[in-house]
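Asks: Pasting the sequence and the predicted coordinates here, then a few questions.
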Amino acid sequence: MASLDPSTDAELTRRAQSGETGALGLLLARHQASMRAVAMSLLGYGPDAEDAVQDAALTALRRIGDVRDPEAVGAWLKAVVRNAARMRLRATREKPGLDGLDHLPDHLPLCAHEPPHPERLIEQHAMRDWIWDAVEELPPQLRLVLMLRHFSGITSYQEIAAVCEVPVGTVRSRLSQARGKMARVLLSTAAHTHDDASALTEDSRQEALETLRASERGSLPREISELWPAEAEMVGRFGRPGERIHPTPVMRRMLAAGVRQHVRHVVASRDITIWEMDVTNPAGATDPCPPTLAWLMLRQNRRVRTLRVVFPEPAR
């Protein structure tokens, strides 16, 4: 049996499913015109059609492993963009994830079970580094809303608006800009080499664990304390307007009150870090801390500039 031509859709799909990011980039570039035509047939000419194509490209990143007939990947991509366009027409409430993935048509072959965080599914397709390199290319304001919405437990527009101290409409606008820029960056960098994003996340997880352990011991080792310089500032709920509050005393007060934190999930880029924590309160606490919280840190050269503690809304 003759081998497939490497340039065919089928071969590119198989290579993409094995984790070759360049192959997926070639597929998206090859079918971009037909995907745009589908979007425009439903949404007309304008930014909504472009957004639908960008959403579909991000969907392909997560779902390429689900394509059962590699030779029909073109039809699959059209179905994905058609669904994205119809979702915009219905104007239903958008769900967390890289886009509204739970609403893909029933005839598309989907996995029966998904892990709770999109980045874990991305890891399964060996494309996480590619995606995180694209995230790092975003301006900080756009990167922050994208990381919160798509990779953390702080997902509602209202929560993100509160964290960023901007109106909900600004959150929506920044997310739209972030998705568009990210889709373009992904297409332009598909064949590049990428940093090891999993190593960055694991380093951050170890830092979180050691920070909590050392805090309970009463002293931070030098390699940790150096990441919390004197100019680091607590902002938001525990901050004081017009007064610089260092995060360390605030954390010590929580420990003294018997509140304990346990690392549940970590999201890390080079200058934005999110540590999501489960919280336990002492027995009989009269003013207990909410059961979950998140540390949102803005960094420069790894050192924390600001820390904001966020209390996500409970899951409904």
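Replies: Perfect, thanks for sending it. Quick caveat: nothing in here was measured; it's all calculated off a predicted structure.

Asks: Mind jotting down where the helices sit in the stretch 101-250 of the chain?
Replies: 118-124, 128-136, 140-151, 157-164, 168-188, 197-217, 222-225, 247-256 (DSSP state H, counting those that start in this stretch).

Asks: Dump these to JSON lines, plus mean neighbour count.
Replies: Heads up, the C-betas are built off the backbone N, CA and C, glycines and all. Below are these laid out as JSON lines (neighbours: other C-beta atoms under 10 Å):
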{"stretch": "helix 118-124", "mean neighbour count": "18"}
{"stretch": "helix 128-136", "mean neighbour count": "22"}
{"stretch": "helix 140-151", "mean neighbour count": "22"}
{"stretch": "helix 157-164", "mean neighbour count": "18"}
{"stretch": "helix 168-188", "mean neighbour count": "18"}
{"stretch": "helix 197-217", "mean neighbour count": "16"}
{"stretch": "helix 222-225", "mean neighbour count": "11"}
{"stretch": "helix 247-256", "mean neighbour count": "15"}
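
Asks: Select, out of those, the one closest to V81.
Replies: helix 168-188 (11.8 Å; C-beta to C-beta).

Asks: by how many degrees do the closest one and helix 140-151 diverge?
Replies: Helix 168-188 runs at 90 degrees relative to helix 140-151, counting by axes from the mean of the first three to the mean of the last three C-alpha atoms, to 10 degrees.

Asks: Nearest spatial neighbour of the residue most central in space within the chain, chain-adjacent residues omitted?
Replies: Geometric centre of the chain, nearest residue: F151, 2.9 Å, by C-alpha atoms, centre = their mean. Nearest residue to F151 in three dimensions, chain neighbours excluded: V267, at 4.7 Å (C-beta to C-beta, 6 or more residues apart in numbering).

Asks: Checking that neighbour next. Helix, strand or coil?
Replies: Three-state call for V267 (DSSP: H, G, I helix; E, B strand; the rest coil): strand.

Asks: quick one: the residue nearest to the centre of the chain from L77, how far?
Replies: 24 Å (C-beta to C-beta, to the nearest Å).

Asks: now do L89
Replies: Distance from L89 to L77, by C-beta to C-beta: 19 Å.

Asks: for V263, same thing?
Replies: 38 Å.

Asks: of these two, who's got more company?
Replies: When neighbours are counted by other C-beta atoms under 10 Å, V263 and L77 differ, and L77 comes out ahead with 27 against 18.

Asks: ok, that one touching A33?
Replies: No: counting by C-beta atoms under 8 Å, L77 sits too far from A33 to count as a contact (11.2 Å).

Asks: which one is R172 nearest to, not counting chain neighbours?
Replies: Nearest to R172 is Y157, by C-beta to C-beta, 6+ apart, at 6.5 Å.

Asks: Run through the residues that contact A208.
Replies: 263, 266, 275, 295 (C-beta atoms under 8 Å, 6 or more residues apart in numbering).

Asks: For these, which entry has the maximal number of neighbours?
Replies: Top of these by neighbour count (other C-beta under 10 Å): W275, with 26 neighbours.

Asks: looking at this, that one is in a strand?
Replies: Yes: judged by three-state DSSP, W275 forms part of a strand.

Asks: for it, what are its contacts?
Replies: 204, 208, 263, 265-266, 294-295, 297.

Asks: And the host helix or strand of D55, what does it pack against?
Replies: Using DSSP states H and E, D55 sits within helix 47-63. Secondary-structure packing of helix 47-63 (3 or more C-beta pairs under 8 Å, 6 or more residues apart in numbering; DSSP states H and E): helix 21-43, helix 73-90, helix 118-124, helix 168-188.
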